[in-house]
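Q: let me see the structure of the following:
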Amino acid sequence: MESTIRWIIWFVVMTLVMGWLARSRLRNRTATSGGLLHHPISTLIVGLVVGALFLTLAILSYLFPNNTGILVVSLFFAGFALLGLLLVVEYVRVRHSLEPGGLRYQKLFAKGRKLRWSEVARIHYSQSAKWFRIVTKQGEVVRVSAMLVGLPEFARAVLDEVPPKSIDIGAKPVLEQTAAGFPPSLRM
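A: Numbering: from 1, shown residues only. This is a model prediction of the structure:
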């Protein structure tokens, strides 16, 4: 019974956190942010909390060992702390901006570039990864997260500028709903 209660609590907490994350990307945008796609502050908060929590657990598991294998457990927790750090880096680095005829994008660990809508070969939406995957005719791949603020403007630009034959049949309804102000759900 105790295990069941823990799972119920975990489910409720995760549902509340995911709802908060989803709502934070929909807040009113400022006039200066027109065309800018960026992560909401909630991404930074989650990254900092996750990173700090698991870093603390890694340090504590190393300093106060028991019979579970000191280094392995500490490294396991440190790996999750790195995931929190990755969210922080994502929040800081990844910014896209809509420009006439295209999208200027910044990848997590690569140099920023410009994508012209006329260069798009395919747009697909991944329900499991929660991102739009854009493939250019040159083979370049750009991913636009469903977590970003400004997604409706992005969806409208794609629907207006990208040739319909390049939009995946499953992505079209997602883009249409997003353009109408209803971005994809963040639930699995």
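
Q: drop to CA atoms for contacts and neighbour counts, all remaining ones
A: OK.

Q: helices of the protein, residue ranges please.
A: Using DSSP state H, the helices of the chain run over 2-24, 41-63, 70-93, 151-161, 171-179.

Q: export those helices as TSV, with columns for distance to G112, mean pLDDT and mean neighbour count.
A: What follows is these, written out as TSV (distance: least, C-alpha to C-alpha, whole Å; pLDDT from 0 to 100; neighbours: other C-alpha atoms under 10 Å):
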stretch	distance to G112	mean pLDDT	mean neighbour count
helix 2-24	25	78	13
helix 41-63	21	90	18
helix 70-93	10	91	18
helix 151-161	17	94	20
helix 171-179	24	95	18
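
Q: so which of the ones you listed gets nearest G35?
A: Smallest distance to G35 across the helices of the chain (C-alpha to C-alpha): 6.6 Å, for helix 151-161.

Q: gap between that closest one and the chain center?
A: Helix 151-161 sits 18 Å away from the centroid of its parent chain (C-alpha atoms, centre = their mean, to the nearest Å).

Q: who touches that helix?
A: For helix 151-161, the surrounding residues in contact (C-alpha atoms under 8 Å, 6 or more residues apart in numbering) are 35, 37, 98, 101, 117-118, 175-176, 178-183.

Q: could I get the helices of the chain as TSV with distance to A129?
A: Shown next, in TSV, are those (distance: least, C-alpha to C-alpha, whole Å):
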stretch	distance to A129
helix 2-24	14
helix 41-63	16
helix 70-93	15
helix 151-161	16
helix 171-179	13
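
Q: so which of the ones you listed gets nearest L108?
A: Closest among the helices of the chain, using C-alpha to C-alpha: helix 70-93, at 6.0 Å.

Q: CA-only coordinates of that closest one in PDB, if you can.
A: Coordinates of each C-alpha in helix 70-93 appear next as PDB, following Å, rounded to 0.1, in the frame of the first residue of the first chain:
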ATOM      1  CA  ILE A  70      29.700   4.300  -3.300                       C
ATOM      2  CA  LEU A  71      31.000   5.400  -6.600                       C
ATOM      3  CA  VAL A  72      28.400   3.900  -8.800                       C
ATOM      4  CA  VAL A  73      25.500   5.400  -7.000                       C
ATOM      5  CA  SER A  74      27.200   8.800  -6.800                       C
ATOM      6  CA  LEU A  75      27.900   8.700 -10.500                       C
ATOM      7  CA  PHE A  76      24.300   7.800 -11.200                       C
ATOM      8  CA  PHE A  77      23.100  10.800  -9.300                       C
ATOM      9  CA  ALA A  78      25.800  13.000 -10.900                       C
ATOM     10  CA  GLY A  79      24.400  11.900 -14.300                       C
ATOM     11  CA  PHE A  80      21.000  13.200 -13.400                       C
ATOM     12  CA  ALA A  81      22.600  16.400 -12.100                       C
ATOM     13  CA  LEU A  82      24.100  16.900 -15.600                       C
ATOM     14  CA  LEU A  83      20.600  16.600 -17.100                       C
ATOM     15  CA  GLY A  84      19.600  19.500 -14.900                       C
ATOM     16  CA  LEU A  85      22.600  21.400 -16.100                       C
ATOM     17  CA  LEU A  86      21.600  20.600 -19.700                       C
ATOM     18  CA  LEU A  87      18.300  22.200 -19.100                       C
ATOM     19  CA  VAL A  88      20.000  25.400 -17.800                       C
ATOM     20  CA  VAL A  89      22.300  25.500 -20.900                       C
ATOM     21  CA  GLU A  90      19.200  24.900 -23.100                       C
ATOM     22  CA  TYR A  91      17.500  27.800 -21.500                       C
ATOM     23  CA  VAL A  92      20.500  30.100 -22.000                       C
ATOM     24  CA  ARG A  93      21.600  29.100 -25.500                       C
END
